[in-house]
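# Can you look at this prediction? I've put the sequence above it.
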Amino acid sequence: MPSLTVLVAIYSYLRFWNIPVQHVERLRREFPAHRFLHATGDDEALARMPEADVAFAAELRGRHLSCATRLRWVHSPTAGVGGMLVPEMVASPVVLTNSRGLSAPTIGEHVVAVTLAMFRKLPQAVRGQMARRWTQHEVTEPPPIRTIAGSRALVVGLGAIGGEVARRFAALGARVHGIRRRPERPAPDGVSLVAPPGALPDFLPDADLIVLAAPQTRETWTMIGAREIALMKRDALLVNVSRGKLVDEAALVSALESDAIGGAALDVFEREPLAPESPLWALPNVLITPHMAGFRADHWDAVTDVFADNLRRFEAGQPLVNVVDKAAGY
Ligand SMILES: NC(=O)c1ccc[n+]([C@@H]2O[C@H](COP(=O)([O-])OP(=O)(O)OC[C@H]3O[C@@H](n4cnc5c(N)ncnc54)[C@H](OP(=O)(O)O)[C@@H]3O)[C@@H](O)[C@H]2O)c1
């Protein structure tokens, strides 16, 4: 295979979301035949794009693609690529791959952690601790402390993340049902019933716990709105580790303010960072985490492994893994 020019363009206002330079160096060592360009900002990415055969990038938009005259393949360090599926990308022959699966076990743990925290009223206990107050009386008042064992969980999206979530809940004694776009596919371990998205309204009234793990696509945009929330049990817990835009946030706030549902554990929001004036911050039945469900210490090693494996396939003319279906949106 002739030498390739690979543009590494993974930068963000968030420190963590900038690929550390040692990982770019690692790629240079492992693939000495290729030329790696490292852009640390948008202007640099735009300037280097015309040279790139391959981009390892998180946030390409139409303006990047319009000057990408040689580009054949883009690999994203994230699982969610909704933001990159601009019309220019969908229309272009450029292959798009993602890093689905990479953070799924970590996110599975996060979902168990926030569910247990909410079921066991840990935020209330921590608020008491911060005020040096013994809250035994308050935490044992209704609503009662709950267990995952015996709960009915509904996992929306049964891909890499949904599968890890389902397996963990089933192991802890929950009955797990799932919703996925293609219900005919084999169900992940621990899921006793799978249905298509159209069946969501039938499944919501029965769930103690609803986990959103579907991608952001045209079909999933505000799939949880006032109508769906109204179908949930009064003590239902909603956990969102997918993307904020799957939920109508205003409808959710109004349901939480009126105790129409039990609570929410939210890792993702309509707009991030969540604005200081958002009513969500002050609601006692909400656990907010700052889009951190997938973080772990060796994150960039794992991201670079996935890309390096795919680059070897690309060099060898073999099929790439994690090819995004641009029409389906994930
Ligand atoms: N919070 C975080 O830090 C974080 C980190 C990583 C990813 N994420 C988010 O999590 C999403 C899922 O990641 P993943 O790795 O699990 O992706 P994945 O393996 O591609 O799985 C996506 C799942 O969603 C299902 N789905 C698609 N459209 C649906 C619909 N309309 N209704 C219900 N289910 C639908 C798919 O169904 P089929 O299996 O039938 O195709 C599939 O099971 C990503 O797209 C990203 O937005 C968040």
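Now that the structure is in, tell me what you want to look at.

# all strands of the stretch 151-300 of the chain, in order?
Assigned by DSSP state E, counting those that start in this stretch, the stretch 151-300 of the chain shows strands spanning 152-156, 175-179, 191-195, 209-212, 237-240, 263-266, 286-288.

# any bit of the shortest one sitting next to the ligand?
No: Strand 286-288 is not in contact with the ligand by C-beta under 6 Å from any ligand atom; minimum separation 12.6 Å. Where C-beta positions appear, they are placed from N, C-alpha and C, glycine not excepted.

# and that strand, which strands flank it?
strand 263-266 (parallel) (DSSP bridges).

# got the residues of the stretch 101-250 of the chain near the ligand?
Residues of the stretch 101-250 of the chain lying near the ligand (C-beta under 6 Å from any ligand atom): 101, 103-104, 107, 156-162, 179-182, 185, 197, 213-217, 219-220, 241-243.

# Please report phi then psi for residue 303.
Note on residue 303: backbone dihedrals following degrees, to the nearest 10 are phi -60, psi -40.

# Tell me how many other residues crowd it.
Counted with other C-beta atoms under 10 Å, residues neighbouring residue 303 total 22.

# Settle this for me: it is touching residue 19, isn't it.
Yes: contact status for residue 303 versus residue 19: in contact at 7.5 Å, counting by C-beta atoms under 8 Å.

# Tell me the residues that contact both of these two, please.
residue 77 (C-beta atoms under 8 Å, 6 or more residues apart in numbering).

# picking that back up, restrict the residues of the stretch 101-250 of the chain next to the ligand to the buried ones and give me that as a PyMOL selection.
With 16 or more other C-beta atoms under 10 Å as the criterion, this PyMOL line picks the buried residues out of these:
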select buried, resi 101+103+104+107+156+157+158+159+160+161+162+179+180+181+213+214+215+216+217+220+241+242+243
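
# and the strands of the stretch 151-300 of the chain, which is most packed in?
Burial of the strands of the stretch 151-300 of the chain is given as mean neighbour count (mean count of other C-beta atoms under 10 Å); strand 209-212 ranks first at a mean of 27.

# would CSV of the strands of the stretch 151-300 of the chain with mean pLDDT be doable?
Formatted as CSV, the strands of the stretch 151-300 of the chain follow (pLDDT from 0 to 100):
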stretch, mean pLDDT
strand 152-156, 98
strand 175-179, 98
strand 191-195, 98
strand 209-212, 99
strand 237-240, 99
strand 263-266, 99
strand 286-288, 98
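
# ok now do residue 12, which residues does it touch?
Applying C-beta under 8 Å, 6+ apart to residue 12 gives the contacts 18, 58, 59.

# just curious, which of those residues is nearest to the ligand?
residue 58 (12.0 Å; C-beta to the nearest ligand atom).
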